[in-house]
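K.L.:
let me see the structure of the following:
(chains A and B)
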Amino acid sequence: MVEPAVDLTHGHPHDDHEHHGPQGWLKYLWSTDHKVIAMQYMFTGMFMAMVGGFMAYVFRMQLAFPGMNVPGFGMVSMGEYNALVTNHGTIMIFWVAMPVLLAAFGNFLIPLMVGTDDMVFPKINRLSFQVFFVSTIVILASLVVEGGGFAGAWTAYPPLSANETYNLTPLGSTLWVIGVGLEFVAFLLGGINFITTLMNSRAPGMRAFDVPLVVWMIVVASILFMLSVGPLLAGAIMLIFDQTIGTGFFNPATGGDPILWQHLFWFFGHPEVYVVLLPAMGVVIEIIATFARKKVFGYRIVIFTVVATGVLSFFVWAHHQFIAGIDPRMANIFTITTLLISVPIAELCFVYIATLYGGSIRLTTPMLWALAFVAEFLIGGVTGIFLGAAGADIYFHDTYFVLAHFHYTFFPIAIIGTYAAFTYWFPKMFGKMMDDRLGKWHFWLTIIPFNMIFIPLFVLGMGGQHRRISNYSGFSELARDGFQDIRVFATVSLLIMLLAQLIFFYNCWKTWRSGPKAGKNPWKANSLEWTTESPPPHGNWHPDEMPVVHRGPYEFSVPGREDDYWPQNEPPRRDS
Amino acid sequence: MTARASIIPFRPRPRRAEKLISNGVLGMLLFVFVEVMLFAGFISAFVIIKSRAVGSVWPPPNQPRLPFEQTAVNTSALIASGIVLLIAHRLYQRGKESVGVLLALATVLGGVFVWLQGVEWVALIREGLTLTSSNYGALFYTIIGAHAAHAVVAICVLAWAWVRMMRGRLSREAMSTVSLFWYFVVLVWPFLYFQVYL
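P.N.:
Next up, the predicted model:
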């Protein structure tokens, strides 16, 4: 899966000054070039997205047509259903959203956007992907070992996750924890690189507030990740001991505390939402500024808002535990912080709309994805307010309302944000222009079915449908009032959406075969990555042509200039 | 032209910003932050489980006591190692050619700490304190074991640095990076010691 991908970016004559290294496909395996590593992350992530999407297909079919022989899978037992749901969540967050948005685009964009030849620690960067690749193999192996994949939900609450007599997957659950742990180590190594590169490797003239917002957001996301992951790693070590050695950290019978895991998990788990959200938000503002041909509204405000969001995100975690038995006074505090954190995110949405206001908007495919991100994420955010209020959450907890809510946040992040970024930077990554007409077909056939999957699930949730049931026909009160018809509707919408992804793959293949060449700067954007070749050569720029920065990245439609864009590296005219 | 000047303020000739912290030290600082949070997670787990002890009796009545006084010896070896390394680090930063003796001394003192800890563990296991004997034992071996693992890795890194220094190939930045990791191992220990042993 990885090799052909890498070949696309790197199989061009520019890397012949790397000939002293290993040859052939080994060159890609051991490459330290940030673009190659980005492609490795991206194509591993895309492969895992197919795995996760297939899981969604299987369990949605089971929900709509209980007991059906699902084509391509077979009968779904209750244990298999649990394993599918668990690993769908795990893979989509840790093996799709994070590697693609954070690692792939972080790796690809940061050195290019700050104007340097590579990451600060290229070998650590390579190690990061290698650890990630091992973690991918571990999580895939956990699906096929005896007993099947881990079936304790992606949050892995003990005692279900800690005791094999409850989860019945002794091997799968341990491999799951090991896989997730390795994956975290990979992103730690990557995060160290991202932060250090932004701090120390900026092009001459690039000051802190000349850095494109997407770089800022990826780096803030990395900082959040690094500050929050430690306690979860501690918890993971204790969970593995509980599973394999028989300690009782999370076992109340020996004086342990199952809620302790929930605290350790969500102390990481909630900042994690912002870890994947911020890169997507950054991608979107880059695209909006470029295609509205307008300067970002309140550049510094955006950065301060993002930092405030990051700080606040460490104080909201217990809103996942309102009915887990925490102190109601604590629930009050966490309700307040949770409602507070919607303020900076709402502010970002307003900034995006203000950037659009009065712009000369071009509805290209990336722009459509970016606008859809703002609209769809807004629904996710607004429904989150219901869940953040402890009183309402008691009713909504563990219903389809929760599920629909977080899919309205994660789908815009991981799918819409990724497609926005992919279609926007595709010319830079592969040097060819994608077909805009096919791109728009793909866009509409993804967005409309997406809403048709999850809006019905809100309705189910408000009807009180519990989310962890594999076969509703066993519960007559949950299968009445047309609820089953709503489930069938959602599943059919999912099938349409999955089929629509074929358009995307066809578009990629067609572009790769016969797409028109993209020049250096097809979108007429300002940031530094558009000043080099497409795709960028090894080292990004010719050593004599390393960019020098004269202005911020969003100088669109400056009065008195002929062009409506003003690249960051263009020297000012002498007479000004 | 005046209109443009009001939009884009005057900027001096671009030059590369000076690094506040060198690459290696910054990378290690970030790594140490993660480690601090890892141990914070362990400590919070310890505090929560301790607060749930039956009848607030901690350590549990049927479990051996941890040798607080004896471990003070181990602790002083570790602290001494940290101080020696601090001196070596400072001298090296100020341009001294080689501080191989001090670096070796710091490494050996660190090794003494790990060895004494090992001796202590063997005694405790003989007395019946194991990972599965109680949550007290489980927490002790997990937290102190995590620290020991860090100490062992750090000692290997110090030894590597010593070899490089003997060959005259240890950069000042690398010395700072390596020292930083050892300072972390030394400085986190008193917190663990007073929290877990007392």
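
K.L.:
right, and the helix or strand after the longest helix seen in chain B?
P.N.:
Secondary structure of chain B per DSSP state H: the longest helix is helix B:135-166. Downstream of helix B:135-166, the next assigned helix or strand under DSSP states H and E is helix B:172-192.

K.L.:
contacts for that next one, please.
P.N.:
B:22-25, B:27-29, B:31-32, B:35-36, B:39, B:43, B:75, B:78-79, B:81-82, B:85-86, B:88-89, B:92-93, B:106, B:110, B:143-144, B:147, B:150-151, B:154, B:157-158, B:160-161, B:164-165 (C-beta atoms under 8 Å, 6 or more residues apart in numbering or on different chains). Where C-beta positions appear, they are placed from N, C-alpha and C, glycine not excepted.

K.L.:
restrict the residues you listed to contacts with chain A.
P.N.:
Among the contacts of helix B:172-192, the residues lying close to chain A (C-beta under 8 Å from any C-beta of the partner chain) are B:22-23, B:27, B:31, B:35-36, B:39.

K.L.:
give me the buried subset of the contacts of helix B:172-192.
P.N.:
Neighbour counting by 16 or more other C-beta atoms under 10 Å in any protein chain shown classes B:22-25, B:27-29, B:31-32, B:35-36, B:39, B:43, B:75, B:78-79, B:81-82, B:85-86, B:88-89, B:92, B:106, B:110, B:143-144, B:147, B:150-151, B:154, B:157-158, B:161, B:164-165 among the contacts of helix B:172-192 as buried.

K.L.:
can you tell me, leaving aside adjacent residues, what's nearest to A:Gly461?
P.N.:
A:Phe401 (2.7 Å; C-beta to C-beta, 6 or more residues apart in numbering or on different chains).

K.L.:
tell me the pLDDT of the one you found.
P.N.:
Confidence at A:Phe401, expressed as pLDDT, is 95.

K.L.:
residues from the stretch 401-550 of chain A in reach of chain B?
P.N.:
Residues of the stretch 401-550 of chain A lying near chain B (C-beta under 8 Å from any C-beta): A:548-550.

K.L.:
kindly recompute the last result at 10 Å.
P.N.:
A:547-550 (C-beta under 10 Å from any C-beta of the partner chain).

K.L.:
dihedrals phi and psi, A:His542?
P.N.:
Main-chain dihedrals, A:His542, degrees, to the nearest 10: phi -60, psi 140.

K.L.:
kindly report the same for B:Arg52.
P.N.:
Dihedral angles for B:Arg52 - degrees, to the nearest 10 - are phi -90, psi 0.

K.L.:
show the contacting residues for it.
P.N.:
Counting by C-beta atoms under 10 Å, 6 or more residues apart in numbering or on different chains, B:Arg52 makes contact with A:252, A:255-257, A:260, B:58, B:135.

K.L.:
cutoff 8 Å now
P.N.:
So B:Arg52 contacts A:255-257 (C-beta under 8 Å, 6+ apart).

K.L.:
count of residues packed around the closest residue to A:Val283 other than its chain neighbours?
P.N.:
Closest residue to A:Val283 apart from its sequence neighbours, by C-beta to C-beta, 6+ apart: A:Ala421 at 4.3 Å. By the criterion of other C-beta atoms under 10 Å in any protein chain shown, A:Ala421 has 28 neighbours.

K.L.:
just A:Thr155 next, same as before
P.N.:
For A:Thr155, the tally of surrounding residues (other C-beta under 10 Å) stands at 16.

K.L.:
low-confidence ranges in chain B?
P.N.:
B:1-13 (pLDDT under 70).

K.L.:
if you set the cut-off to 80 instead, what comes out?
P.N.:
Applying pLDDT under 80 to chain B flags the ranges B:1-18, B:54-56, B:98.

K.L.:
confirm that the residue nearest to A:Val283 sits in a strand.
P.N.:
No. Checked against DSSP: H, G, I helix; E, B strand; the rest coil, A:Ala421 lies outside a strand; its state is helix.

K.L.:
distance check, it against B:Ala161.
P.N.:
Separation of A:Ala421 from B:Ala161 (C-beta to C-beta, to the nearest Å): 41 Å.

K.L.:
what do you get for A:Ala414?
P.N.:
In terms of C-beta to C-beta, A:Ala414 sits 42 Å off from B:Ala161.

K.L.:
ok, now B:Ser51?
P.N.:
41 Å.

K.L.:
check A:Asp485 too.
P.N.:
Applying C-beta to C-beta to A:Asp485 and B:Ala161 gives a distance of 69 Å.

K.L.:
any idea how many residues pack against the closest residue to A:Gly148 other than its chain neighbours?
P.N.:
What sits nearest to A:Gly148 in space, not counting adjacent residues and going by C-beta to C-beta, 6+ apart, is A:Ala83, at 5.0 Å. By the criterion of other C-beta under 10 Å, A:Ala83 has 27 neighbours.

K.L.:
repeat that for A:Ser514.
P.N.:
That count, for A:Ser514 with other C-beta under 10 Å as the rule, works out to 9.
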